[in-house]
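next one to model:
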Amino acid sequence: MPPPIQMHSRADFRKFRRVTVKIGSRIICNDQGLAYDRLRALSGQVDLLRRRGMEVILVSSGAVAAGRRKLKELPGPLTYRKKQAYAAAGQVALMTGWEKALSAHDLQAAQILLTADDLADRHRFIHAKNTLLTLMEMKAVPVINENDTVALDELKFGDNDTLGSLVASLAESDLFVNLTDIDGLYDRDPRDGSQPPLITAVERVSPSVLAKAGRREGSPDGTGGMYTKVRAAGRLAERGMPSVIANGLTRDVLPRLMDGEELGTHFLPADKPRGARKHWLAFAARPKGRLLVDAGAAMALVDQGKSLLPKGVRGFDGLFAAGDAVTIVDSDGGAELGVGLVNYPSPELRSIMGRRSQEIEGILGFCHSEEVIHRDNLVIFAKPAASA
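Coordinates of the predicted model:
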């Protein structure tokens, strides 16, 4: 399938053919649990987009919120074990609600539950993508959520904004729409009683833009806030995909957005985006170790776009196999430079690090690669201390 259509104007949204929509728990839940009227309203909007020839993927929060109302809530703080139990009960209600609401429009819902580990492994990532594409070929509406009942802390996405952005990239969507309970990104927090201006467009998610988003978390039943939404939009911009953060309680928000109406905050795609594989490596892969590189190697990687050779590796942490992701750290300044897929497992790397590539075969008895990490399997994040 071709990559997402790269457009820079809201008017171009009319040309898009695939959209991923993340729906926050505050949109589809209230004090009584699931707000079925909102599920029905959103399903009607999905139907309208489908009739226009668009494919729609839903990333739906709400399982924990629905489960807390469905089960008799235990006293005390919301512990991780309680949250998993509420998610188990709430996911049933959530999918039943979506299935009923979508079937009223003759649309078939299809549940997909993911953990971060599912997308961190490249083979499982591809399998998830193939399943998703097959469901859309069958005209189903995928409804995706994190598998909270089995995910451990270290295997969690952390928030459904991150999950939604990864699904949008996985599906090679043309647009990511993040529906929340406020109108978009403001110049400052509107909940402090002031009336700051809404930012209607963001060309680049810079540190100053992230600062406007703050770090305040969302609802007690969710894990996201405006910060995670803006961060997700910034990551997709690097992929070359536009995003919109908008109010999911706005009447007919989805068709109005796709008609080009100026609702919410529009995040423009980067002019020079990363490819799908490097986007996965940057944001979905889970590094198994760290490689410490000397100043010369750091400069060659960052400034010259070179591969990492064994001579430049001064040390490493962790246990990893060939093909695993590892972070690359400037051993002089301590800065994390990037992430890449390593060609040699840790025991073999210990034998060849600091040596010239021509020596690999004499040391190991074979040489299947002159590089520890090839530049095609490398994503650079930051400059080394020497050139910062």
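
in this structure, which helix is the longest?
For the chain, the longest helix by residue count, based on DSSP state H, is helix 80-103.

using PDB, list the CA coordinates for that one.
The C-alpha coordinates for helix 80-103 follow below in PDB (Å, rounded to 0.1, in the frame of the first residue of the first chain):
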ATOM      1  CA  TYR A  80      -2.800  -1.500  39.200                       C
ATOM      2  CA  ARG A  81      -4.600  -4.800  40.000                       C
ATOM      3  CA  LYS A  82      -7.900  -3.000  40.400                       C
ATOM      4  CA  LYS A  83      -7.400  -1.300  37.100                       C
ATOM      5  CA  GLN A  84      -6.800  -4.600  35.300                       C
ATOM      6  CA  ALA A  85      -9.900  -6.100  36.900                       C
ATOM      7  CA  TYR A  86     -12.000  -3.100  35.900                       C
ATOM      8  CA  ALA A  87     -10.600  -3.300  32.400                       C
ATOM      9  CA  ALA A  88     -11.600  -7.000  32.100                       C
ATOM     10  CA  ALA A  89     -15.200  -6.300  32.900                       C
ATOM     11  CA  GLY A  90     -15.300  -2.900  31.100                       C
ATOM     12  CA  GLN A  91     -13.900  -4.200  27.900                       C
ATOM     13  CA  VAL A  92     -16.900  -6.500  27.500                       C
ATOM     14  CA  ALA A  93     -19.300  -3.600  28.000                       C
ATOM     15  CA  LEU A  94     -17.200  -1.400  25.700                       C
ATOM     16  CA  MET A  95     -17.200  -3.800  22.800                       C
ATOM     17  CA  THR A  96     -20.800  -4.700  23.200                       C
ATOM     18  CA  GLY A  97     -21.700  -1.000  23.100                       C
ATOM     19  CA  TRP A  98     -19.700  -0.400  20.000                       C
ATOM     20  CA  GLU A  99     -21.000  -3.500  18.300                       C
ATOM     21  CA  LYS A 100     -24.700  -2.400  18.900                       C
ATOM     22  CA  ALA A 101     -24.000   1.200  17.900                       C
ATOM     23  CA  LEU A 102     -22.200   0.200  14.700                       C
ATOM     24  CA  SER A 103     -24.600  -2.600  13.700                       C
END
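
surely Leu34 and Ser61 touch.
No: applying C-beta atoms under 8 Å as the test, Leu34 and Ser61 come out as separate, 11.3 Å apart. Yep, even glycine has a C-beta here, placed from its N, CA and C like the rest.

more neighbours: those two, which one.
A direct count of neighbours by other C-beta atoms under 10 Å for Leu34 and Ser61 places Ser61 higher, at 30 against 24.

confidence score at the closest residue to that one other than its chain neighbours?
Take Ser61 and drop its neighbours on the chain: the residue closest to it by C-beta to C-beta, 6 or more residues apart in numbering is Ser25, 4.1 Å away. Here the pLDDT value assigned to Ser25 is 91.

partners of the closest residue to Asp183 other than its chain neighbours in the sheet?
Distances taken as C-beta to C-beta, 6+ apart put Asn247 closest to Asp183, at 4.7 Å, once the chain neighbours are dropped. Beta-bridge partners recorded for Asn247 (DSSP bridges): Thr180.

where does pLDDT dip in the stretch 151-300 of the chain?
Where the stretch 151-300 of the chain drops to pLDDT under 70, the residues are 151-158, 191-193, 215-224.

and the strands in it?
Here the stretch 151-300 of the chain has its strands, by DSSP state E, counting those that start in this stretch, at 175-180, 201-202, 243-247, 265-267, 289-293.

quick one: closest of those to Leu119.
Nearest of the strands of the stretch 151-300 of the chain to Leu119, taken as C-beta to C-beta: strand 175-180 at 15.5 Å.

show me how far the closest one is from its chain's centre.
Its chain's average C-alpha position is 12 Å from that of strand 175-180, according to C-alpha atoms, centre = their mean, to the nearest Å.

good, we can wrap up now.
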